[in-house]
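J.: Sequence and predicted structure below; questions after.
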Amino acid sequence: MIEQRVEQVISESDDQAAAESEHAHSSPKRSLLWVSLTALGVVYGDIGTSPLYALRECFIGKNALAPTPVNVLGVLSLIFWSLTLVISVKYLLYVMRADNRGEGGILALMALLGPEERVRAHGRGLLIVLGLFGAALLYGDGIITPAISVLSAVEGLNVATPAFDQFVVPITLGILILLFLVQSRGTAGIGAIFGPIMMVWFATLAVMGIGGIIQRPDVLVALNPLYSIRLFLNHFDAAFLVLGAVFLVVTGGEALYADMGHFGRLPIRAAWFTVVLPALLLNYFGQGALLMQETQDLHHPFFHLAPNWALYPLVILATIATIIASQAVISGAFSLTRQAVQLGYFPRLRIVQTSSEEIGQIYIPLVNWLLMIATLALVIAFRRSANLAAAYGMAISTTMVITTLLAYFIARERWGWSKLTTLLITAGFLLIDFIFLGANMLKFLDGGWLPLLIGALVFVLMKAWKRGRKELAERLPQKAGTLAPFLEEMAKDPPVRVPGTAIFMTGRDQGPPLILRHHLEHNQALHERVILLTVVTEDTPRVSPQDRLEIKEFDQGFSRVIVHFGFMESPDVPEALQAGEQSGLKVDPDQTTYYVGRLTLIPADTPSTMPRWRKKLFAFMSRNAAPSIRFYHLPPAQVVELGIQVEF
């Protein structure tokens, strides 16, 4: 039954996937082949560099198995079926069907459930908490992936000569520092070569693997799942422990889903089934064949697959591949942060658009420097990729469980699947997810606590900001009053009106903003035309031009304008107002003044659902939020910022 449903998923989504593939790129003339090649350099960097360390950890790591032929075949069988069930079936055929108008990722998946208020009204507040925690955990992955990937590549120099051992950490630090320093320049210029380079990388993986398999073709019997079952029957405890290392082969699964909006489902699937999966399997089986025939200790089976003359070129290629993988993870952190800001889970941050053509090319300085500091600290503290392997996987295995749970509700409510079918599919995936999570939890004290700690800290920040904004929104209308009485007061005692348009930024469905009252009290004058402007971020990635503006006219020259943006869009208010001429909104940009408030929050001992520590945290985040002038792309010379103190 599950297999039939999976086939139905494929047939139902192929047409839509093709449409999304075309929508995901600015040029509809790009062929599927080219888009799939480009996807190799962004989507598959993480999972594509796993052969550097994954199989090694199974037989040389802390909880390693002895590299006997039976054990090698058992582990290879686990790797094959993990890639098949987790990546091929779960993510590419099932989870990627849950797109939010083409966008993927756990926040996009969470947004599909509907507005947070509606989700909570149905008694599913736990889903919001799980979704936020899953998103927060991805920052732990963003810190660990660059460290373990680049370290494992540079460690290949040790295979050539142990004399390089003392230089591994300094070289890694230098590469990572350069990587983070160039983020502000964007990757639009060199991003086009990432795909071809990764194509060379995957071709190299395949050729190396074939060379090993030729020596021991009997290694291919590991395709039979009985070998993995036999491994558990003979060494259950050891086999369960080694699952934590086997999981390293699928850690890039969430990245496939998160990057769906850039390329569409069809190109990502095509790249996986035609290039990535065959190359990975050939290389893993080639490494396994090498372990089965070599009697001496192989501390790095990946590099031992290569002939001596190719070792240095391979180290260089591996280093470039890990840099590309790290770049994809860093870009993913930027994208995730922008989504969180737009959905109201983070304060405004400075977001720099690094490309005039690709909306996804952004740079967030604060996130970049925090990632750099944390990544460099990891390299200095752990010093070996083998030491980092214990920390790697904990965050992703937890996020995979959360993704499966959220996908259940999407399948029931969005796709209309029957409860029985959805339960059977979800139960199968959850069984796999929880087995991997259990194996990774055994590594908690060896470093698995690190990504959980990072995720918990980010989660606390997200919850504090969201709850603080909600409480503040509930209090401000009470202080400002409603709009109708305010306009009646103005009619009785009209202020001096001056030429031009004043735009006051305000919340949705509120009365006159505090900054408007503040302005009138101090200046006793008002522009002839007043626009109360609200920016609303929708639960969809992008908003069509015809749905961008809502306009409502009032007496006394007042208007209320609601500007809608998607959570993947940059909120450019002046540009949206200019485009609003077609909707009847006429705003002369040269005669317009923007009024924005700069709230100073004072935590007070007033009745509240927020503890005092969370109030202080929210106030701190608010003080350090990026100015609304920059965030909304307002012209600085036409902005008046008014400071207001609010107790909450």
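T.: All right, it came through fine. Numbering: from 1, shown residues only.

J.: alpha carbons only for contacts and neighbour counts from here, please
T.: Fine.

J.: what about the strands in the stretch 451-600 of the chain?
T.: Ranges of strands in the stretch 451-600 of the chain, per DSSP state E, counting those that start in this stretch, are 496-505, 525-537, 549-553, 558-565, 592-602.

J.: from the ones you listed, which stretch is densest packed?
T.: strand 558-565 (a mean of 22; mean count of other CA atoms under 10 Å).

J.: list the helices and strands that strand packs on?
T.: strand 525-537, strand 549-553 (3 or more CA pairs under 8 Å, 6 or more residues apart in numbering; DSSP states H and E).

J.: Let me have the strands of the stretch 451-600 of the chain in JSON lines, adding distance to residue 488 and mean pLDDT as columns.
T.: Putting these into JSON lines (distance: least, CA to CA, whole Å; pLDDT from 0 to 100) gives the following:
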{"stretch": "strand 496-505", "distance to residue 488": "16", "mean pLDDT": "91"}
{"stretch": "strand 525-537", "distance to residue 488": "15", "mean pLDDT": "90"}
{"stretch": "strand 549-553", "distance to residue 488": "15", "mean pLDDT": "88"}
{"stretch": "strand 558-565", "distance to residue 488": "12", "mean pLDDT": "90"}
{"stretch": "strand 592-602", "distance to residue 488": "22", "mean pLDDT": "85"}
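
J.: In TSV: those strands, plus distance to residue 364.
T.: Listed next are those as TSV, based on distance: least, CA to CA, whole Å:
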stretch	distance to residue 364
strand 496-505	24
strand 525-537	19
strand 549-553	28
strand 558-565	19
strand 592-602	22
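
J.: Between these, which one is closest to residue 422.
T.: Among the strands of the stretch 451-600 of the chain, the nearest to residue 422 by CA to CA is strand 525-537 (30.9 Å).

J.: Which among the strands of the stretch 451-600 of the chain is found nearest to residue 343?
T.: Across the strands of the stretch 451-600 of the chain, closest to residue 343 is strand 525-537 (CA to CA), at 6.3 Å.

J.: now what about the closest one, what contacts it?
T.: 342-343, 495-508, 512, 520, 557-567 (CA atoms under 8 Å, 6 or more residues apart in numbering).

J.: Can I get it in CSV, CA atoms only?
T.: The C-alpha trace of strand 525-537 is given here as CSV (Å, rounded to 0.1, in the frame of the first residue of the first chain):
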residue,chain,number,x,y,z
ALA,A,525,0.7,70.3,12.4
LEU,A,526,0.0,67.5,9.9
HIS,A,527,0.4,66.9,6.2
GLU,A,528,-2.5,67.3,3.9
ARG,A,529,-2.5,63.6,3.2
VAL,A,530,-1.8,60.9,5.8
ILE,A,531,-1.2,57.2,5.1
LEU,A,532,-1.3,54.7,7.9
LEU,A,533,0.9,52.0,6.4
THR,A,534,1.2,48.4,7.6
VAL,A,535,3.6,45.8,6.3
VAL,A,536,2.2,42.2,6.5
THR,A,537,4.2,39.1,5.8
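
J.: Just tell me which of the strands of the stretch 451-600 of the chain ends up closest to residue 192.
T.: Set against residue 192 and scored by CA to CA, these come closest in strand 558-565, at 28.7 Å.

J.: Run the chain-centre distance for the closest one.
T.: Put simply, strand 558-565 sits 30 Å off its chain's centre (CA atoms, centre = their mean, to the nearest Å).

J.: got it, and stretch 558-567?
T.: 27 Å.

J.: Please apply the same query to stretch 589-603.
T.: Distance, centroid of stretch 589-603 to centroid of chain: 31 Å (CA atoms, centre = their mean).

J.: For burial, what's the neighbour tally of residue 194?
T.: With neighbours defined by other CA atoms under 10 Å, the count for residue 194 comes to 23.

J.: Next up, the contacts around it.
T.: By CA under 8 Å, 6+ apart, the residues touching residue 194 are 38, 40-42, 324.

J.: Kindly recompute the last result at 7 Å.
T.: 41, 324 (CA atoms under 7 Å, 6 or more residues apart in numbering).

J.: likewise residue 138?
T.: The contact partners of residue 138, by CA under 7 Å, 6+ apart, come to residue 395.

J.: Let me see the backbone angles for it.
T.: phi -70, psi -20 (degrees, to the nearest 10).

J.: What pLDDT is listed against it?
T.: On the pLDDT scale, residue 138 is placed at 87.

J.: Likewise for residue 121?
T.: Confidence for residue 121, expressed as pLDDT, is 55.

J.: State the distance from the residue lying farthest from the centre of the chain to residue 522.
T.: In terms of distance from the mean C-alpha position of the chain, residue 492 ranks first, at 53.7 Å (CA atoms, centre = their mean). According to CA to CA, to the nearest Å, residue 492 and residue 522 sit 19 Å apart.

J.: Repeat that for residue 451.
T.: Residue 451 is 51 Å from residue 522, by CA to CA.

J.: who has more neighbours, those two?
T.: Using other CA under 10 Å as the criterion, residue 451 and residue 522 rank with residue 451 on top: 26 against 8.

J.: What helix or strand is the closest residue to the more buried one other than its chain neighbours located in?
T.: Ranked by CA to CA, 6 or more residues apart in numbering and with sequence neighbours excluded, the top spatial neighbour of residue 451 is residue 140, at 4.5 Å. Using DSSP states H and E, residue 140 sits within helix 125-154.

J.: Buried residues in that helix, which are they?
T.: 127-128, 130-154 (16 or more other CA atoms under 10 Å).

J.: Over to stretch 312-319?
T.: 312, 314-315, 317-319.

J.: repeat for stretch 284-295
T.: 284-292.

J.: Let's have those in CSV, adding secondary structure.
T.: Listed next are these as CSV, based on DSSP: H, G, I helix; E, B strand; the rest coil:
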residue, secondary structure
284, helix
285, helix
286, helix
287, helix
288, helix
289, helix
290, helix
291, helix
292, helix
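
J.: Show me the protein divided up by domain.
T.: 2-447, 467-647 (automatic domain parsing).

J.: Can you tell me the closest non-neighbouring residue to residue 344?
T.: Residue 344 sits nearest to residue 466 (CA to CA, 6+ apart), 6.2 Å away.

J.: Please, which helix or strand holds the residue minimising distance to the centre of the chain?
T.: Central residue of the chain (CA atoms, centre = their mean): residue 336, 4.0 Å from the mean position. Using DSSP H and E, residue 336 sits within helix 311-342.

J.: Tell me what angle that helix forms with helix 125-154.
T.: 160 degrees (axes from the mean of the first three to the mean of the last three CA atoms, to 10 degrees).

J.: how far away is the residue farthest from the centre of the chain from residue 557?
T.: In terms of CA to CA, residue 492 sits 15 Å off from residue 557.

J.: For the helix or strand hosting residue 404, list the C-alpha coordinates in CSV.
T.: When secondary structure is defined by DSSP H and E, residue 404 falls within helix 394-413. Taking C-alpha atoms only, helix 394-413 is exported to CSV below (Å, rounded to 0.1, in the frame of the first residue of the first chain):
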residue,chain,number,x,y,z
MET,A,394,22.2,14.9,16.5
ALA,A,395,20.5,18.1,15.3
ILE,A,396,19.6,16.7,11.8
SER,A,397,18.2,13.4,13.2
THR,A,398,15.9,15.5,15.5
THR,A,399,14.9,17.8,12.7
MET,A,400,14.0,14.8,10.5
VAL,A,401,11.6,13.5,13.1
ILE,A,402,9.9,16.9,13.3
THR,A,403,9.7,17.1,9.5
THR,A,404,8.0,13.7,9.3
LEU,A,405,5.4,14.8,12.0
LEU,A,406,4.6,18.0,10.2
ALA,A,407,4.3,16.3,6.9
TYR,A,408,1.6,14.0,8.4
PHE,A,409,-0.7,16.9,9.0
ILE,A,410,0.0,18.4,5.5
ALA,A,411,-0.8,15.0,3.9
ARG,A,412,-4.1,14.8,5.8
GLU,A,413,-5.2,18.4,5.5
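
J.: Many thanks, have a good one.
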